[in-house]
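Asks: below are the sequence and a predicted model; questions follow.
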Amino acid sequence: MQTPTLFIDRDGTLIEEPHDNQVDSLAKVRCTPGVFVALIELTRRAHRLVMVTDQNGLGSPSFA
């Protein structure tokens, strides 16, 4: 039997979008309400969780 895999977007799903749409500091990270309960339940049901994100700054000097 294969393990179900759930690909979850980070921004707007696991964490709330900051007002400027940039998570460029730890202070801006706010978890979506109920996200930990949901993730625990999914792992309890033997789902593999993969976080995905598309960061437009990758490869730019701001991430150097």
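Replies: Nice, thanks for sending it over.
Asks: which stretches of this structure form strands?
Replies: Secondary structure of the chain (DSSP state E): strands at 5-9, 48-52.
Asks: and the first one, which strands flank it?
Replies: Each strand that strand 5-9 pairs with, and the sense of that pairing, follows from DSSP bridges: strand 48-52 (parallel).
Asks: and the pLDDT at residue 54?
Replies: As summarised for this prediction, residue 54 has a pLDDT of 79.
Asks: touching, residue 28 and residue 16? I think so.
Replies: No - assessed by Cβ atoms under 8 Å, residue 28 is found out of contact with residue 16, at 9.2 Å. The C-beta positions use only the backbone N, C-alpha and C, and glycine is treated the same way.
Asks: neighbours around the nearest residue to residue 18 once chain neighbours are set aside, how many?
Replies: The shortest distance from residue 18 to any non-neighbouring residue, by Cβ to Cβ, 6 or more residues apart in numbering, is to residue 28 (4.4 Å). Here the number of neighbours of residue 28 (other Cβ atoms under 10 Å) works out to 14.
Asks: what sits against residue 51?
Replies: For residue 51, the contact set (Cβ atoms under 8 Å, 6 or more residues apart in numbering) comprises 8-10, 14.
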